[in-house]
Each structure stands twice: as C-alpha cells, then as structure tokens.
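A.B. asks: generate a structure from the sequence data that follows.
(chains A and B)
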Amino acid sequence: AQKVTQAQTEISVVEKEDVTLDCVYETRDTTYYLFWYKQPPSGELVFLIRRNSFDEQNEISGRYSWNFQKSTSSFNFTITASQVVDSAVYFCALSNSNYQLIWGAGTKLIIKP
Amino acid sequence: EPEVTQTPSHQVTQMGQEVILRCVPISNHLYFYWYRQILGQKVEFLVSFYNNEISEKSEIFDDQFSVERPDGSNFTLKIRSTKLEDSAMYFCASSERSGDYEQYFGPGTRLTVT
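C.D. replies: Numbering: from 1, shown residues only, chains lettered A, B, ... in the order given. Just a heads-up that it's a prediction; the model follows:
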C-alpha cells in the first residue's frame, strides 16, 4: 500500500523562526517521486519541488530546503527565517507507479508576526 | 507564464443535477488529471487522462463521473447526478509527461451541492 503521512496537523511559529514540516511515505515501488505543494488561503495548489527516488541529495532554494532520506522514508521540508507570507497548508505527495499523486493530509503552518 | 485555468470558480447546484466542470490545461501538456478536496481534508486523485482516454481512475470515480476532451483545449469533468457529498473543491492539473514531471494545478472549482 502507498501512503503519505504528515503527522503535524498544525504548526504555529513566530516570524523569523525556522520550521520543519515532516513527511513520511510508504511505497513498494523502487522508482517513485516525491513532491511538496503549498496551498495558501486563496486555495490554489502551488508546486514547490519534486524529487525522484534515486536522488537523495538535499535541495535548497532560497529559504526552503528539503531533506530526503530513503533509509527512514522521509522527505522533510524546512523553512528558514519564516515569514508571514509562508502561512499556508503544505502537502507532501507521492507519485506511484501509475503516476497518481497520493497526498498527505497536509500541515497547516501559521506564521505569527 | 502558461497556466491551467478552470471555470467556473464556484458552482452551486441542487442535488440530482448534472454539472460540468471545465479546465483548459497548459497547451503543450499531454497528461490531464482531476483531483478533489473536500473542505479541510486531503487532496484525492480522481482520474488521469492521456491520448483521449482514461489512464487511471480511483474508487471515487464511479459511474456518476465522466471526463472528456471535447476539443483541442478543454478538459471537462461531468458529474451526472450530484450528491451532497460531491461538495468539494475540484482541481484540474496537467503535466508535460507523466511520472516525474510536476503537475500544474488550476485554481480549482468550488462545487456546492444543496
């Protein structure tokens, strides 16, 4: 069975703090893809990153960084020096062998000024 | 920058009525998808579409649902006889290829069934 677990339902931090959103996945596929999407209050889904199962290099994009660890089946997302505009629901997703996106339940991130 | 568009942004319908949700994918994309998100819940896959036929569909996508690409640009989701539990945000997405390529999402259509 394929599954994505985002155990943190809601996280609240004060602006400028660093915050890490956890994502744990389950799959039997040897080739798979992982994604993070952001859903701001306006409701649209904004693509942030994709990672394939053969590339365990961590990635940094500005204040965003991702830590992919196959050994623990985790694909965590860290925002450094958080800003109020980062407030959103963040979804982790897994692309299965049929290329459907399997979504986690999302983590609501609240950044307080 | 090219984007996926969806119309209408909000549709209110009565239980038992048919609705058609419309999407215009990014023009050079070949794979199309519909997802739904019940308010406050996770996003759920409904169906994928390639080469004018359904590639995959989930258990949610029962006989009440159908998809069509009536012309070269539109991609539609039809719900034949809406139920209260069909109330959700419906997202269309498209991708250049399948698998490792990111799916670009439209802004969604909020469907309210009364």
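A.B. asks: mind listing the strands the worst-scoring helix or strand of chain A on mean pLDDT pairs with, and their directions?
C.D. replies: Ranked by mean pLDDT, DSSP states H and E, the weakest helix or strand in chain A is strand A:59-61, scoring a mean of 87. Here strand A:59-61 is paired, per DSSP bridges, with strand A:64-69 (antiparallel).
A.B. asks: who's in contact with the next helix or strand along the chain from the strand it pairs with?
C.D. replies: Going down the chain from strand A:64-69, the next helix or strand is strand A:74-79, by DSSP states H and E. Applying C-beta atoms under 8 Å, 6 or more residues apart in numbering or on different chains, the contact partners of strand A:74-79 are A:18-25, A:34, A:36, A:48, A:51, A:63-69, A:86, A:90, A:92, A:109. (C-beta placed from N, C-alpha, C; glycine too.)
A.B. asks: tell me the angle strand A:74-79 makes with strand A:64-69.
C.D. replies: Between strand A:74-79 and strand A:64-69, the angle comes out at 160 degrees (axes from the mean of the first three to the mean of the last three C-alpha atoms, to 10 degrees).
A.B. asks: after strand A:74-79, next one along is what?
C.D. replies: In N-to-C order, the element after strand A:74-79 by DSSP H and E is strand A:88-95.
A.B. asks: what's the helix or strand following that following strand packed up against?
C.D. replies: Moving toward the C-terminus from strand A:88-95, the next helix or strand (DSSP H and E) is strand A:101-103. Packing partners of strand A:101-103 (3 or more C-beta pairs under 8 Å, 6 or more residues apart in numbering or on different chains; DSSP states H and E): strand A:3-5, strand A:88-95, strand B:43-50.
A.B. asks: strand A:101-103 pairs with which strands?
C.D. replies: Strand A:101-103 is paired, per DSSP bridges, with strand A:88-95 (antiparallel).
A.B. asks: compute the inter-axis angle for the partner strand and strand B:43-50.
C.D. replies: In terms of direction (the same axes, to 10 degrees), strand A:88-95 departs from strand B:43-50 by 50 degrees.
A.B. asks: for the most centrally placed residue in chain B, phi and psi?
C.D. replies: Closest to where the C-alpha atoms of chain B average out (C-alpha atoms, centre = their mean) is B:Trp34, at 3.2 Å. Torsion angles at B:Trp34 (phi, psi; degrees, to the nearest 10) stand at phi -120, psi 140.
A.B. asks: contacts for the least confident helix or strand of chain A, please.
C.D. replies: A:49, A:51, A:65-66.
A.B. asks: and the two most separated of those?
C.D. replies: A:Arg51 and A:Ser65 (12.0 Å; C-beta to C-beta).
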